[in-house]
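Participant: Based on what follows, work out the 3D shape:
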Amino acid sequence: MQSLLGDPGVIASLRDLHAEVAVAILDFTPERAQAVRLLNQQGIPAVAWIVLPKEEGFYLNADNAAQAAARMDDFEKWTDANGLRWAEIGLDVEPNFAQLAALKGHRWHLFATLLRQSLDGGRIEHAQQAYSSLIREIQSRGYPVETYAMPYLPAERSVHSSLPDRLLGTVDVRGNDEYLMLYTSFARQVGAAMIWSIGPHAQSVAIGSTDGTSPAGSGTGPLSWEEFSRDLIVASHFSSHIGVYNLEGCVRQGFLSRLKDLNWSSSVTIPADSASRAERLGLIIRVVLWIASNLVYFIVIGFLLTAFFVWRRRSTRQRASTAVYQSIQR
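Facilitator: Residues are numbered from 1 along each chain as shown. Coordinates of the predicted model:
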């Protein structure tokens, strides 16, 4: 971070782009404070991206709301002690990857854990209350709050389901602004069609990733300039603020200087098969979530229908037996 922000070219580009920089609060060291102070001095708005220590899972989720509140208290003390200024506070709510990683390779334990969590609506309800309270507390301290959310959130809301949240530990909460993380680097077969499909349901859009490596045969890896600029232009149709993950990748690939000359009115072609794939995938997700969310009702209806047909069949047999008996009597 010090290396990036110590580069006059990076600072100049950020100023020219009117960009904000979200700083991951990994620790409360003097060195991190000095990097934030440099942004303050250069007039570049800094967003405090609140995360937990790696050993506590890093991302915020349904299982660490108490730790998130404690982290926020420590953050404010550090901010006051160092005289730092923040434009906003960012809360990154993502799946409980630590739990999923610990269960990897233990198929039945994983299945049992997910099944138990899928039935535990109270866990998510309590987490929503805790994070909503935390957001109100942050706002009362004078900070706007932005949240970073998973791309399945609009589908959840459209069918009034919390199943993915219960399974993965995410929490549906909103602050002043909400960024849907629509990272096409992890879905190249769908590409910008994902942004085109989900973008209308987003308050703001974040694209990525511009950093990282590409494991052989994985189909993932950092976005190229062509992919990156394409995603920016598509996202701009739905969002006046666009988040980019991340600054390091943009600097490493030379994107910052090219962004200043980006023609935002350029046309973008989204292949028809990609658009169809995105719509199909969205429909499948919504249908599956709707069925899963109403599974109890389907079971009850199925039981009642089965009971009705069994009763009707027995009644028919009894009437037939009675008719035969009367015939014999005659």
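
Participant: hey, where'd the helices end up in the stretch 1-150 of the chain?
Facilitator: Secondary structure of the stretch 1-150 of the chain (DSSP state H, counting those that start in this stretch): helices located at 2-5, 8-16, 30-41, 65-82, 97-103, 107-118, 121-140.

Participant: Serialize these to TSV and add fields for mean pLDDT.
Facilitator: As requested, these are arranged in TSV below (pLDDT from 0 to 100):
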stretch	mean pLDDT
helix 2-5	86
helix 8-16	94
helix 30-41	95
helix 65-82	96
helix 97-103	73
helix 107-118	75
helix 121-140	94
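
Participant: Now R174, what are its backbone angles?
Facilitator: phi -130, psi 150 (degrees, to the nearest 10).

Participant: how close does it get to L91?
Facilitator: For R174, the distance to L91 equals 10 Å [CB to CB, to the nearest Å]. Where you see a C-beta, it was placed from the backbone N, CA and C, and this is true even at glycine.

Participant: Going by residue numbers, what spans are strands in this protein?
Facilitator: Using DSSP state E, the strands of the chain run over 21-25, 46-50, 88-92, 145-149, 177-181, 204-208, 242-245.

Participant: want to throw these into a markdown table with mean neighbour count and mean pLDDT?
Facilitator: Formatted as a markdown table, the strands of the chain follow (neighbours: other CB atoms under 10 Å; pLDDT from 0 to 100):
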| stretch | mean neighbour count | mean pLDDT |
| --- | --- | --- |
| strand 21-25 | 20 | 95 |
| strand 46-50 | 20 | 97 |
| strand 88-92 | 23 | 97 |
| strand 145-149 | 24 | 97 |
| strand 177-181 | 21 | 96 |
| strand 204-208 | 24 | 96 |
| strand 242-245 | 20 | 96 |
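
Participant: rewinding a little: Throw the helices of the stretch 1-150 of the chain into TSV and include distance to G191 and mean neighbour count, thanks.
Facilitator: Shown next, in TSV, are these (distance: least, CB to CB, whole Å; neighbours: other CB atoms under 10 Å):
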stretch	distance to G191	mean neighbour count
helix 2-5	28	14
helix 8-16	27	15
helix 30-41	33	16
helix 65-82	34	15
helix 97-103	25	15
helix 107-118	30	13
helix 121-140	32	16
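
Participant: Kindly state which of those helices is positioned closest to F58.
Facilitator: Of all the helices of the stretch 1-150 of the chain, helix 97-103 sits nearest to F58, with 7.7 Å by CB to CB.
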